[in-house]
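Enquirer: Here is my input; please provide its structure:
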Amino acid sequence: RPRPEPEDLAARGGAGNPVGGERAHHPTMRDEDAWRLAEARTRRFDAAADAYDRHRLGYPAALFDALVSLLPPRARILEVGTGTGIFTAPLAEHGFRVTGAEPGATLARIARRHLSAYRDVEIVDARFEDLAVPPGSADAIVAADSWHWVEFEAGPRIAADRVPAGIDAEGRDAELGGSR
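Expert: Have a look, this model is predicted:
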């Protein structure tokens with residue numbers, strides 16, 4: 001039986017995945033197939049950027065209050081999947097310095113427009129896995145409804161490298177013992 005093209009897989013949709021498609025790193029997929037599928041999913045999600053920006057709800061203030069209580073003032077945060085900046089703006093309002101990784105060009109453009117008033121926010125056109133930041137360069141990594149976009153095996157290892165004191169190699173919060 002021939003293997004379906006990634007675009008065909010993405011068009012099928014998947015339970016619990018609003019963008020559709022299979023998990024990008026399914027254990028039986030070859031790396032190149034997983035990469036092509038992830039790219040197709042990113043393009044599909046990016047194509048809906050304007051609608052996402054108009055309709056996506058924000059996050060509760062208590063969440064940001066909790067981050068303020070856990071992190072040092074002006075903490076350096078790496079954000080996974082910035083989207084249109086819905087989670088980023090409150091981080092910046094609380095004085096955090098944010099580098100956001102967003103692979104969708106349209107999403108990143110909208111985020112930059114929304115966040116242009118914040119001088120300590122940088123949106124990078126990249127996947128989290130490809131973000132060129134030095135080891136130990138962040139105080140925290142946040143992923144607001146976006147961690148499922150990160151490569152299944154590489155994500156926790158990369159996160160542990162960026163915030164070595166906070167995340168173990170399996171992606172668990174070293175201090176709290178839970179999943180981030």
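Enquirer: and R36, what element?
Expert: Applying DSSP states H and E as the criterion places R36 in helix 31-47.
Enquirer: Which neighbouring elements make contact with the very next helix or strand once past that helix?
Expert: Downstream of helix 31-47, the next assigned helix or strand under DSSP H and E is helix 49-55. Applying 3 or more Cβ pairs under 8 Å, 6 or more residues apart in numbering; DSSP states H and E, one finds that helix 49-55 contacts helix 105-114. C-betas here are computed from N, CA, C, even on glycine.
Enquirer: between the helix it packs on and helix 31-47, how many degrees?
Expert: 50 degrees (axes from the mean of the first three to the mean of the last three Cα atoms, to 10 degrees).
Enquirer: In helix 105-114, which residues are buried?
Expert: If you call a residue buried by 16 or more other Cβ atoms under 10 Å, then helix 105-114 has these buried ones: T106, L107, A108, R109, I110, A111, R112, H114.
Enquirer: packing partners for that helix?
Expert: Other helices and strands packing on helix 105-114, by 3+ Cβ pairs under 8 Å, 6+ apart, are helix 31-47, helix 49-55, helix 88-93, strand 121-124.
Enquirer: For that helix, output the C-alpha coordinates as PDB.
Expert: Output of helix 105-114 as PDB, limited to C-alpha atoms (Å, rounded to 0.1, in the frame of the first residue of the first chain):
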ATOM      1  CA  ALA A 105       5.500  33.600   8.700                       C
ATOM      2  CA  THR A 106       2.000  35.100   8.800                       C
ATOM      3  CA  LEU A 107       1.600  34.300  12.500                       C
ATOM      4  CA  ALA A 108       5.000  35.900  13.200                       C
ATOM      5  CA  ARG A 109       4.200  39.000  11.200                       C
ATOM      6  CA  ILE A 110       0.900  39.500  13.200                       C
ATOM      7  CA  ALA A 111       2.800  38.900  16.400                       C
ATOM      8  CA  ARG A 112       5.400  41.500  15.500                       C
ATOM      9  CA  ARG A 113       2.700  44.000  14.800                       C
ATOM     10  CA  HIS A 114       0.900  43.400  18.100                       C
END
